[in-house]
Structures are given as structure tokens and as C-alpha cells.
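Student: need a structure here:
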Amino acid sequence: MRLKEPSQVDRRIPILVAVSALMLLLVLSINGGTLVVGAEADATSADATSADATSADAMELPESLQPKDFDATDIAVANSWAESLHLADWLGPLAPLALSPFFGITCLSGLALWGPEWIKNNALLGSTGPLQNEVLFGVFLVLTVLTSLPRLTKVSKPFAQAVDQLETYSVIVILLVIKFLADSGAAHSGNAGEVAMVQLGVLSFTVETLLAFAMVVNVIVINCVKFFFELLVWLTPIPFLDAVFEVCNKALCGLLMAVYAFSPTIATVINLIVLVLAAIILRWTGRRMRFYRTIFLDPVIARVWRSYACPDLRLSGGKGIVVFPKDSGAGLVAKSRWRLFVDDDGWVMRPTGWLPGEDVRISSDCRPMLTRGWFMHGLSAKLADGTPVVLNFSRRFDGQWEILVQQGRFELGDEAQEPLDRGSAAAEFA
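Tutor: Modelled structure (predicted):
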């Protein structure tokens, strides 16, 4: 028996998390949730005459959509609540911020400082906000230059990739601080209005907290997808392609910021479209990010940390070998992460991840054949139902090659006994 790899089970979780969090801030009422806004919770109900006139139609509608659930007061309160949140002002610039965090903050600060007056009538770019600071603009302009120049060449780009996540999370923190300061300023000026709460079962959140959570998820999802394609560009053997990608990324970020300056509402719609598209392919990119990270970093870690290079394939107490199916099929997803173990009955593949999954047995009729590669090694085997499968793994155990072959009881192919061929390196990533 086999169960699909966990990434197939929770493939749509990022979509539901991100989109649902944003939609909760836009709907007027949700089934199972209650919006409470200060004293408005005691709003008067609709008059009896209107209820009698619509009762026949209400019986044909789902309970959560019956007209009795809405009245003029509820709609007025919800509209006032949505306007007080300034959703477009906060959600509009998230896509360009995710594409180029430091450059995005630089553009926002420039708009706040030197933009026309109608632009500054904005919760994010307002006159009381911290973005109207020449020092802040100068600091992020310098950071933009320092983090962009290493991305122009393949030699220096690994350094830029290493600090990319630091850049993203630092901008997330800055954005949350700006929002906190804006909310605090509104509270001190007496323009904050009533505190709105969203009740979901036993949990309750302020809408400001929900908005902050949606902003963080939004930036992280888009940035992760962008980071993966940036890695693919770096792996492509075309020297100037990295510089072209960086220039296009900055140009797209500037264009989206211009759209935000013209209309935050249009920018918010674009941001939601980009978010949905990024969330759809997030699991696909996540699997390949783990694959490339394992293939390239494991050999480096093994040279620094000697115990990391010692194989232990025992099913009971061992760590196994991290393997990745080359292609999808027979319940296995291409580039998904598994661990290969050996026991008395043969070979076992165990899925990794947060969600549990069942083991997949490799047929014991024939031993897996081991082939060596320039960047990674391969195992050709058959599953218990006879389906052929090719598993790739890193060069982490090259220093203990004989022990690996002995513990795994692998059969050596001709390629495993011959010197590595540099010409076959490109074929390994096909």
C-alpha cells in the first residue's frame, strides 16, 4: 500500500491561507463568524413588514444568505469598517515589495517625500508616517544598490541569494512597524474609531491583526516564487541573463509602484491576482527549492561537518538517504523529498514532512542500480508493483562511498565505476 506524498495532500493549503485571510477583510458577513464593532453590536433589526415581504424568497436561500441576516445598519457598519481599514492603501504595494523589498521601500519613501499632495492622502504615505524621512530614503537607496550589484553576475550572485531572505524579512518587520505606528497615530488623534473584532469559533482577532497576517503571507508567498525563478536564472549557463533578470525585476517593481501611486485599488487587484498565481505554483517551486538546496549544499556541509558525511541506512534508528524521484508516477511526485532505508526485507522509502504518510517499498526482486553523476547520483529501481523509478540524491556520502554501497546493498552500474564525465552534468537536471 502507498499514500501520496504529503505535498500532494496539502498542495492547496497556502492558497486557502493567503486568499482566505484577505477575503475575510473584504466580506461584509461570513457564515460561522461574527463581526463586532463596539456599540454597533446592539444594532436594531429590520422592521416586521419588510421581513414578511421577503420571507417567501428567504426560504429558498441558504441559511447563511437569508435576508434576515443583513439590515441597513449592518451594511452601514461594514462599509464604515472597510473604509477605516484602508485596505487598498496597505495591500496595493505588497506585490512590488515582494519582488524587490529594499527598492520597494525606497519607492514608497520617495512617493511620501516628493509625490503630489493627492498621493499623500494615504494611510501608508500620510504626512504623519515614518516614510516621509530623507534619511530613511537614503539608507534604503544605498541598500538597494548594495544588494542589486551582486545579482548582476553569476560569480557574486550566490552572496546576494544568501541575503535575499534577510532582506525580505527585514522589510516585513519594517512594514509591520509602519502599520503599528500608523494605527497608534490614528488612535492618539482620535480617528481610530471603534475596535473591530472577527470571531471564529473560540478564537477572536482584531481586524488589524488579521490584516497584518495577510500582509505577511502575501509578501512571503510572492517572494518565495520569485526567489526560485531567480535561482533558475543563476543555474542557466548564460552570463548576461542574471543582469537582464535583475533589470526586469526592478523595472516591474517600479511599474507596479507607479500603478499604486495612480490607483491603490487597481494595485490591490493586481496584487491579489499575482498572489493567487504564486500560491498555485508555490508547492511546485517549494519541492524544487528543497531539491536544489539539498543537491548543492549537502556536499559542502559534509566537508565541514564530518559526521554528516557518514551514511546510516538502518530503518530502525538510522537517518537514511534523502532521495528525490526524478519523474512523477505511481504515487510519487517529481522532486518530492523522501528518505531511503534498508531493512531485512529490502528497501523502504519514507516520506518527509509535517503530515504523516505511508512507506513505499522497493521491489526486492532486483537490487537498485547505483550510477554516479557530476552534481548528483542516481538509483534505478522498481517499486513493489513493478513500476520503474529513478531516485536522485546528493554527493553527501562521497567520502564514505564504499560504506554507502555496502549498507545499501546496491548494484554498481558501469557509470558508478568509471570517472565522472563533465559532459553529462547538464543531463542530470533534465
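Student: quick one: low-confidence ranges for this structure?
Tutor: Counting by pLDDT under 70, the chain contains low-confidence residues at 1-85, 127-129, 183-205, 356, 414-430.
Student: Domain map for it?
Tutor: Listed by automatic domain parsing, the domain ranges of the chain are 6-280, 300-429.
Student: From the centroid of this structure, which residue is nearest?
Tutor: The centroid of the chain falls nearest to residue 221 when counting by C-alpha atoms, centre = their mean (3.0 Å).
Student: Which strands and helices lie in contact with whichever helix or strand residue 294 is part of?
Tutor: Assigned by DSSP states H and E, residue 294 belongs to helix 282-304. Other elements packing on helix 282-304 under the criterion 3 or more C-beta pairs under 8 Å, 6 or more residues apart in numbering; DSSP states H and E are helix 6-9, helix 13-24, helix 207-235, strand 321-325. (Each C-beta comes from the backbone N, C-alpha and C, glycine too.)
Student: ok, now with 10 Å
Tutor: Here helix 282-304 touches helix 6-9, helix 13-24, helix 207-235, strand 321-325, strand 388-393, going by 3 or more C-beta pairs under 10 Å, 6 or more residues apart in numbering; DSSP states H and E.
Student: what's the angle from that helix to helix 207-235?
Tutor: Helix 282-304 and helix 207-235 are oriented at 60 degrees to each other (axes from the mean of the first three to the mean of the last three C-alpha atoms, to 10 degrees).
Student: Buried residues in helix 282-304, which are they?
Tutor: 282-292, 294-296, 298-299, 302 (16 or more other C-beta atoms under 10 Å).
Student: same check, this time on stretch 329-349
Tutor: Those would be 330-333, 335-342, 346-349, for stretch 329-349 by 16+ other C-beta under 10 Å.
Student: now, among those residues, which is nearest to residue 388?
Tutor: Nearest to residue 388 among those is residue 330, at 9.0 Å by C-beta to C-beta.
Student: show me what contacts that closest one?
Tutor: Taking C-beta atoms under 10 Å, 6 or more residues apart in numbering, we find residue 330 in contact with 2, 360, 382-389.
Student: Show the buried residues in the residues you listed.
Tutor: Buried members of the contacts of residue 330, counted by 16+ other C-beta under 10 Å: 2, 360, 382-383, 389.
Student: Which two of those have the greatest separation?
Tutor: Checking the buried ones among the contacts of residue 330 with C-beta to C-beta, the most distant pair is 2 and 382, at 13.7 Å.
Student: The nearest residue to residue 177 once chain neighbours are set aside: neighbouring residues, count only.
Tutor: Once flanking residues are discounted, residue 177 sits nearest to residue 130: 7.8 Å by C-beta to C-beta, 6 or more residues apart in numbering. By other C-beta atoms under 10 Å, 14 other residues sit near residue 130.
Student: the strands in this structure, which residues?
Tutor: 33-37, 196-200, 203-206, 321-325, 338-343, 346-351, 360-362, 369-371, 377-382, 388-393, 411-412 (DSSP state E).
Student: Which one, of the helices and strands packed on helix 282-304, ends up nearest to residue 313?
Tutor: Nearest of the helices and strands packed on helix 282-304 (C-beta to C-beta): strand 321-325, 6.5 Å.
Student: How far away from the center of its chain is the closest one?
Tutor: A distance of 23 Å separates the centroid of the chain from that of strand 321-325, by C-alpha atoms, centre = their mean, to the nearest Å.
Student: What is that strand packed up against?
Tutor: Strand 321-325 packs on helix 282-304, strand 338-343, strand 346-351, strand 377-382, strand 388-393, helix 401-408, going by 3+ C-beta pairs under 10 Å, 6+ apart.
Student: can you put those in TSV and add distance to residue 104?
Tutor: TSV is the format used below for the helices and strands packed on strand 321-325 (distance: least, C-beta to C-beta, whole Å):
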stretch	distance to residue 104
helix 282-304	20
strand 338-343	38
strand 346-351	37
strand 377-382	41
strand 388-393	37
helix 401-408	47
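Student: can you tell which of those is closest to residue 162?
Tutor: Using C-beta to C-beta, the helices and strands packed on strand 321-325 put helix 282-304 closest to residue 162, at 11.0 Å.
Student: from the helices and strands packed on helix 282-304, which stretch is densest packed?
Tutor: strand 321-325 (a mean of 22; mean count of other C-beta atoms under 10 Å).
Student: Mind listing the strands that strand pairs with, and their directions?
Tutor: strand 338-343 (antiparallel), strand 388-393 (antiparallel) (DSSP bridges).
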